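**Student:** Have a look; sequence and predicted model below, questions after that.
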Amino acid sequence: MTYDGMEGRVQPTMNKQERLDINRAAWDAYQADYMRFNLMERPDFFERLESGDVMLDDEEVELAGDVAGLDLLDTSCASDAKQAFSWANLGARVTACDIAPTAIEIARENARHLGLDVKFHVADAQTLDPISDESQDLVYATHLGWLEDIELAVRTWARVLRPGGRLLIDMDHPVTNILEKSNEGLRVEWPYFDRSPETYEFTGTPLAKKHGGWDRSMPILWFHHTLADVFNTLVKTGLGIERVVERPYFPHAEFESSELPDAISILARKPVPTGPTI
Ligand SMILES: C[S@@+](CC[C@H](N)C(=O)[O-])C[C@H]1O[C@@H](n2cnc3c(N)ncnc32)[C@H](O)[C@@H]1O
């Protein structure tokens, strides 16, 4: 492993596979505690989901529309899989993936506990090897910053979508995500146009910080994509953008403000091939 704790920039000798392995290791180590923090945040987690409750943002539900009977894929479900279970409660036939094997192990246990029929696979969201071509009606993708190659990812999501199927991206807003937010105010922490991978010591998600902190620290990488990167990738892949929603808050965000966007959701559609016109 070429990582030596250097903050900020990744070492030039590190290759793409090593970067993926670093992220998989950090996330895998965190998953059991992530589930524990989710239960601390929502002690009624299982009761709520068992009673058919939905743990998605209103904007996501509104953008997705009626998902009953649709084949829906969650590309990075994590151990709690609350979004995957929520889509199932809304009537979708859900498949959920995550790169961390421990996430899938715990998510499967949760599904058994809830009696929900969700299929789980360990898979990289960028390639989704276990998912067949044109098998999904809706692909739900979150937190694109964990994905180094969004062009590969979007091509993959288009591959698994049926013609006419839709992609729903919900991501940290690239403009405000580069800001450090503290009581003293806002500071630019990462140059907006710098696409080099950012390395840092992962000490858990904001949920961990809220519930006593994670007792470990692991190197991890974040891949900043600008708004133009995301939109141009969708355009280049031939997906038609249908709606975009910017939200003034994000669940568990350290920073809540109605003056700046904190998250952005994008709905895009895979075109239906049209035959030759006579
Ligand atoms: C903060 S969790 C959030 C998950 C959840 N979808 C949400 O939005 O709250 C991020 C998840 O992405 C997963 N992840 C990171 N890189 C991934 C990749 N390349 N492919 C699939 N999952 C990945 C991690 O293992 C982790 O479970």
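**Tutor:** That came through, no problem. Numbering: from 1, shown residues only.
**Student:** Just checking the distance from stretch 92-101 to the centre of its chain.
**Tutor:** When C-alpha coordinates are averaged (C-alpha atoms, centre = their mean, to the nearest Å), stretch 92-101 and its chain have centres 11 Å apart.
**Student:** can you pull the contacts of residue 57?
**Tutor:** With contact taken as C-beta atoms under 8 Å, 6 or more residues apart in numbering, residue 57 is in contact with 170, 247, 251, 263, 265. Quick note: C-beta positions are derived from backbone N, CA and C, even for glycine.
**Student:** want to try CSV for the residues you listed, with secondary structure as columns?
**Tutor:** Conversion of the contacts of residue 57 to CSV gives the following (DSSP: H, G, I helix; E, B strand; the rest coil):
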residue, secondary structure
170, strand
247, strand
251, coil
263, strand
265, strand
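**Student:** Tell me where the stretch 1-150 of the chain has strands.
**Tutor:** The residue ranges that make up the strands of the stretch 1-150 of the chain, judged by DSSP state E, counting those that start in this stretch, are 8-9, 71-74, 93-98, 119-122, 136-142.
**Student:** before we move on, back to that, and the two most separated of the contacts of residue 57?
**Tutor:** When those are compared pair by pair using C-beta to C-beta, the farthest-apart members prove to be 251 and 265, with a separation of 12.9 Å.
**Student:** More neighbours: which of the two?
**Tutor:** Between residue 251 and residue 265, residue 265 has the larger neighbour count (other C-beta atoms under 10 Å), namely 20 against 14.
**Student:** Determine which of the strands of the stretch 1-150 of the chain approaches the ligand most closely.
**Tutor:** The stretch from the strands of the stretch 1-150 of the chain with the least distance to the ligand (C-beta to the nearest ligand atom) is strand 136-142; that distance is 3.7 Å.
**Student:** contacting residues around the closest one?
**Tutor:** Residues from elsewhere that reach strand 136-142, judged by C-beta under 8 Å, 6+ apart: 60, 64, 67, 70-76, 83, 87, 92, 95, 125, 153, 157, 160-162, 165-171.
**Student:** filter the residues you listed down to the ones close to the ligand.
**Tutor:** Checked against the ligand using C-beta under 6 Å from any ligand atom, the contacts of strand 136-142 give the following subset in range: 76, 83, 125.
**Student:** is it true that the second one touches residue 61?
**Tutor:** In other words, residue 83. No: using C-beta atoms under 8 Å, residue 83 and residue 61 do not qualify as a contacting pair, with a distance of 10.5 Å.
**Student:** Give me the more crowded residue out of these two.
**Tutor:** Legend: neighbour count by other C-beta under 10 Å for residue 83 and residue 61, higher for residue 83 (23 against 15).
**Student:** distance of residue 68 from residue 92?
**Tutor:** Between residue 68 and residue 92 the computed distance is 7 Å (C-beta to C-beta, to the nearest Å).
**Student:** what about the two, which has more around it?
**Tutor:** Legend: neighbour count by other C-beta under 10 Å for residue 68 and residue 92, higher for residue 92 (24 against 9).
**Student:** who's in contact with that one?
**Tutor:** Residues in contact with residue 92, defined by C-beta under 8 Å, 6+ apart, are 67-72, 138.
**Student:** quick one: which of these has the most company?
**Tutor:** Counting by other C-beta under 10 Å, residue 72 has the largest number of neighbours within those, with 27 neighbours.
**Student:** Bridge partners for that one, pull those for me.
**Tutor:** On the basis of DSSP bridges, residue 72 takes part in beta bridges with residue 94, residue 138.
**Student:** you'd agree it is up against residue 95?
**Tutor:** Yes: taking contact to mean C-beta under 8 Å, the distance of 7.4 Å between residue 72 and residue 95 places them in contact.
**Student:** I'd like to know how many residues surround residue 17.
**Tutor:** Residue 17 has 8 neighbouring residues, counting by other C-beta under 10 Å.
**Student:** Next: residue 113.
**Tutor:** Residue 113 is flanked by 11 other residues according to other C-beta under 10 Å.
**Student:** how about the nearest residue in space to it that is not next to it in sequence, what does it touch?
**Tutor:** The spatially closest residue to residue 113, leaving aside those adjacent along the chain, is residue 46, at 6.2 Å (C-beta to C-beta, 6 or more residues apart in numbering). Taking C-beta under 8 Å, 6+ apart, we find residue 46 in contact with 110, 113-114.
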